[in-house]
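J.: Quick one, what's the 3D model for this:
(chains A and B)
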Amino acid sequence: MSVTVEVSNLVKQFDGGDVRAIDDVSLAIEEGEYLVLLGPSGCGKTTLLRTIAGLEQQTSGDVLIGGSVVNGLPPRVRKVAMVFQSYALYPHKTVLANIVFPLKPEKLPKQERESKARWAAELLGIDLLLDRKPRQLSGGERQRVALARAMVRAPQVFLLDEPLSNLDAKLRASARDELKRFQQRVGTTTVYVTHDQAEAMGLGDRIAVMDKGKLRQLGPPVEVYDDPADTFVATFIGSPPMNLVPRDDTLVGFRPEHLLPAAHVSGERVEVSFDVDRIEYLSGDRHVYGTVTGIGKDSRVIARLPATVTDPVTPGESHAFAVNVDKLRFFDAESGLRSEPVRVDAQHG
Amino acid sequence: MADTLTEPTAPPKRQPDGTRQRLADRDGFLAWIFLVPTVVYIVALVAIPFFMAIAFAFSDVTAGNPSYGWVGLENFYRVFDDAVFWQALGNTFVFTAISMVLIVVLGKVLAMILVADFKGKWLVRFLVLLPWTTPVALSSVTWLWLLHSIYSPIDWVLRNVGLIEDNMYFLGRPGLAMASVIAVHVWRLVPLAAVIMMVGILSIPDDITEASRIDGAGFWRRMFEVTIPLTFPLIAVAALFGAIFTFTDMAVVYVLTGGGPTNSTHVLASWSFVRGIGGGDIGQGAVIALFLFPLLLAAAVLILRAVRKMETI
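T.: I've put the predicted structure just below:
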């Protein structure tokens, strides 16, 4: 069963602090949706997740699960399941006992409880580990036990707090894939917290980008990447981040992969002169660092040339580069918000 | 000027530092140096008295005649023939068992109060620890007055509330006297147990408590299925400390009741003192004291086991 989750005008202020950990956030998560809360550490994303779970109580605003207000209700009646960053397995209990634990309040016969736990364990491929203690498991196995414990009760909502950050890089990629397929299969509404944009882009149906307790942008990965709502989102998402060039009281932004040797850019384009300092080779791409003139103030930017672009680029020399006008984004220099496009001298190539 | 610039800073001086460094680098030697004070302390204050007690137990040494004469099991026969010894042995176990249970239960309750977040927490923590920091003899004297047969303020309160008509004579009746001794032990040892168990509760990661709340466990289930199993080694340590301090203590009994009324509240330690030091019969005193040894040995083994279990969780 999947339900909607909604928060409206949510504010969280911790005792004795003036800072708002969550600052007037409103967002609605649809049935069965996979929403990723993305932001730097301290942005309030985990606090928001914990407030939805009922582990924290908001200062003001409402949390709605399945359409009903759950303000002030303890976690157990909200029917949410949570996977913690540390997995928070019970160290003194076996894997089976860990998975059975959430079923006990449901007053099922013992056998039924165990068969449910075995079913969950089988689904996650840990059915051979049921007699082990958590300390005898690897990081990946622990994560699956935590997931099995979360799903065994068939919760209305999954809340995942950076569940992959304790895994090594290689395992993380495969676990990400597994998580996504798993959620598609069970179809439960999921809120996933991460600071890793690759996870966010890969997993989320929609991404909510947060900074300093505020919701900066909410949209599908493509939209957040292509049409960032402000300079924070523009520079937080993308690696390397979006280039921002000051021009009068506007910032002109463009992604590194759109700054290419002029011959590769067709249509209406802005031609620039690119003084190259340095080149990095990263998995086939060339990251070219240098100073760009011709868009606005001379600024240091990064160009990302895919492997298919083989034009020679030499450090210390100036090259003719260009950006397609459609790829330019404009931000207000003061507020950082998106602004009306300004005319940048463009040529047809 | 040019000289000072080109000259490298003075090379590290090897000579004076050299020997000291080499000494500090010798781990094996340092280990000995650091261990010696402890070893001397244990040998002088634990090992020697212990073996002397064993030696005295088989001797006719008295306070008046300290020359050593072997008497075999004579002292043991005389101790066993004395009904007060059996009474004291029984009392010791009864006091220890009852106080241990009360210390653990009340200590756990207190520990949970102490970890809760409230205003003036530090003051409460400080006040709670006071009984533990007060010297036993001093607090026993205070209790002696609190339980005084005529001037007891406790009696006064009970009388004025209307619960009793006459005084309770706490220390004058065998049953009440025993209860009073147990109460004082519990009063002075609960803070220690609470602090030990508080450390245990604080060592449980917040995540685990929160996970169990999300998993739908209420207060009692969290306590019995999560908190207690996870802090069990520390609960065991608190219980064993309580047991050891009650089992070996003589000050409370000695000050409060002096073993009375009519020897009904004597414990091994106080009876050993009365016989060995008060009565001057060192041999008998030693025999009685030796009966403390098996339980203390068992307690020590259990504490070490609990500590090892703590390392593996």
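
J.: longest helix anywhere in the chain?
T.: No chain in the question, so chain A it is. helix A:169-186 (DSSP state H).

J.: my bad, chain B
T.: The longest helix of chain B (DSSP H) is helix B:83-115.

J.: That one: which residues count as buried?
T.: B:84-85, B:87-89, B:91-92, B:95-96, B:98-100, B:102-104, B:106-108, B:110-112, B:114-115 (16 or more other CB atoms under 10 Å in any protein chain shown). Backbone N, C-alpha and C define where each C-beta goes, glycine included.

J.: Show me what it packs onto, helices and strands only.
T.: The contact analysis (3 or more CB pairs under 8 Å, 6 or more residues apart in numbering or on different chains; DSSP states H and E) places helix B:83-115 against helix B:121-133, helix B:174-202, helix B:228-248, helix B:268-273.

J.: So which of these has the densest surroundings on average?
T.: helix B:268-273 (a mean of 25; mean count of other CB atoms under 10 Å in any protein chain shown).

J.: what about that helix, distance to the chain center?
T.: Distance, stretch centre to chain centre, for helix B:268-273: 17 Å (CA atoms, centre = their mean, to the nearest Å).

J.: Not counting its own residues, what contacts it?
T.: When contacts are defined by CB atoms under 8 Å, 6 or more residues apart in numbering or on different chains, helix B:268-273 is touched by residues B:84-85, B:88-89, B:92, B:247-250, B:253-254, B:259, B:285-286, B:288-289, B:291-292.

J.: host element of B:V61?
T.: According to DSSP states H and E, B:V61 maps onto no helix or strand at all.

J.: picking that back up, could you check how far the longest helix of chain A is from the centre of its chain?
T.: 14 Å.

J.: who touches it?
T.: Against helix A:169-186 from outside (CB under 8 Å, 6+ apart): A:34, A:123-124, A:139-140, A:143, A:147, A:151, A:158, A:160, A:163-164, A:167, A:190, A:199, A:202-203.

J.: In strands, which of the residues you listed fall?
T.: Among the contacts of helix A:169-186, the members found in strands (DSSP state E) are A:Y34, A:F158, A:L160, A:T190.

J.: Can you tell me which of those residues is nearest chain B?
T.: Distance to chain B, by CB to the nearest CB, is smallest for A:F158 among the ones in strands among the contacts of helix A:169-186, at 11.1 Å.

J.: Just the pLDDT at the closest one, thanks.
T.: On pLDDT, A:F158 comes in at 90.

J.: So what's the residue count around it?
T.: A:F158 has 24 neighbouring residues, counting by other CB atoms under 10 Å in any protein chain shown.

J.: picking up where we left off before, I'd like to check the angle between the longest helix of chain A and strand A:157-161, please.
T.: If you take axes from the mean of the first three to the mean of the last three CA atoms, to 10 degrees, helix A:169-186 sits at 170 degrees to strand A:157-161.

J.: Which of the residues in whatever helix or strand B:V36 lives in are classified as buried?
T.: Per DSSP H and E, B:V36 falls inside helix B:27-42. For helix B:27-42, the buried set under the neighbour-count rule, 16+ other CB under 10 Å, is empty.

J.: Show me what that helix is in contact with.
T.: With CB under 8 Å, 6+ apart, helix B:27-42 has contacts from B:L23, B:A24.

J.: Give me the buried positions along stretch A:68-81.
T.: Across stretch A:68-81, burial judged by 16+ other CB under 10 Å covers A:V70, A:P75, A:R76, A:R78, A:K79, A:V80, A:A81.

J.: Point out the ones among the residues you listed that are inside strands.
T.: Going by DSSP E, the strands hold A:V80, A:A81 from these.

J.: For chain B, tell me which of the buried residues of stretch A:68-81 show up nearby.
T.: Filtering the buried residues of stretch A:68-81 for proximity to chain B (criterion: CB under 8 Å from any CB of the partner chain) leaves A:P75, A:R76, A:V80, A:A81.

J.: Please tell me how far the second one sits from A:T46.
T.: Counting by CB to CB, to the nearest Å, the separation of A:R76 from A:T46 is 20 Å.

J.: what about A:V288, helix or strand, and which?
T.: strand A:285-293.

J.: brain fart, A:S41
T.: Using DSSP H and E, A:S41 falls outside every helix and strand.

J.: Any chance of the backbone angles for A:G54?
T.: Dihedral pair for A:G54: phi 100, psi 10, per degrees, to the nearest 10.

J.: tally of neighbours for the residue nearest to B:L230 when sequence neighbours are not counted?
T.: Leaving out its chain neighbours, the residue that sits closest to B:L230 by CB to CB, 6 or more residues apart in numbering or on different chains is B:I204, at 5.3 Å. Here the number of neighbours of B:I204 (other CB under 10 Å) works out to 16.

J.: again, but for A:S86
T.: For A:S86, the neighbour count with other CB under 10 Å is 18.

J.: Please confirm that it is located within a helix.
T.: No - with DSSP: H, G, I helix; E, B strand; the rest coil as the criterion, A:S86 is located in coil rather than a helix.

J.: for residue 277, helix, strand, or coil?
T.: Defaulting to chain A. A:D277 ends up strand, using three-state DSSP.

J.: I'd say it and A:P315 touch.
T.: Yes - with contact defined as CB atoms under 8 Å, A:D277 and A:P315 form a contacting pair (6.0 Å).

J.: buried residues in the strand or helix carrying B:V79?
T.: Per DSSP H and E: B:V79 is located in helix B:74-80. Neighbour-count burial for helix B:74-80, counted by 16+ other CB under 10 Å, picks out B:E74, B:N75, B:F76, B:R78, B:V79.

J.: Next up, identify which helix or strand A:L64 is on.
T.: Here A:L64 is assigned to strand A:60-65, by DSSP H and E.

J.: just the angle between that strand and strand A:157-161, please?
T.: Going by the same axes, to 10 degrees, strand A:60-65 is angled at 120 degrees with respect to strand A:157-161.

J.: Return stretch A:8-28 as PDB; C-alpha atoms alone will do.
T.: Output of stretch A:8-28 as PDB, limited to C-alpha atoms (Å, rounded to 0.1, in the frame of the first residue of the first chain):
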ATOM      1  CA  SER A   8       3.200  22.200   4.700                       C
ATOM      2  CA  ASN A   9       4.800  25.300   6.000                       C
ATOM      3  CA  LEU A  10       7.000  23.100   8.200                       C
ATOM      4  CA  VAL A  11       9.400  24.900  10.600                       C
ATOM      5  CA  LYS A  12      11.800  23.200  13.000                       C
ATOM      6  CA  GLN A  13      13.800  25.200  15.500                       C
ATOM      7  CA  PHE A  14      15.900  23.200  17.900                       C
ATOM      8  CA  ASP A  15      15.700  24.100  21.600                       C
ATOM      9  CA  GLY A  16      17.900  27.000  22.600                       C
ATOM     10  CA  GLY A  17      18.800  27.800  19.000                       C
ATOM     11  CA  ASP A  18      17.800  30.700  16.800                       C
ATOM     12  CA  VAL A  19      18.600  28.800  13.600                       C
ATOM     13  CA  ARG A  20      15.700  27.200  11.700                       C
ATOM     14  CA  ALA A  21      16.800  23.700  10.800                       C
ATOM     15  CA  ILE A  22      13.800  23.500   8.500                       C
ATOM     16  CA  ASP A  23      12.600  26.900   7.300                       C
ATOM     17  CA  ASP A  24       9.000  27.000   6.000                       C
ATOM     18  CA  VAL A  25       9.200  23.900   3.800                       C
ATOM     19  CA  SER A  26       6.200  22.700   1.800                       C
ATOM     20  CA  LEU A  27       6.200  19.700  -0.500                       C
ATOM     21  CA  ALA A  28       4.000  16.900  -1.500                       C
END
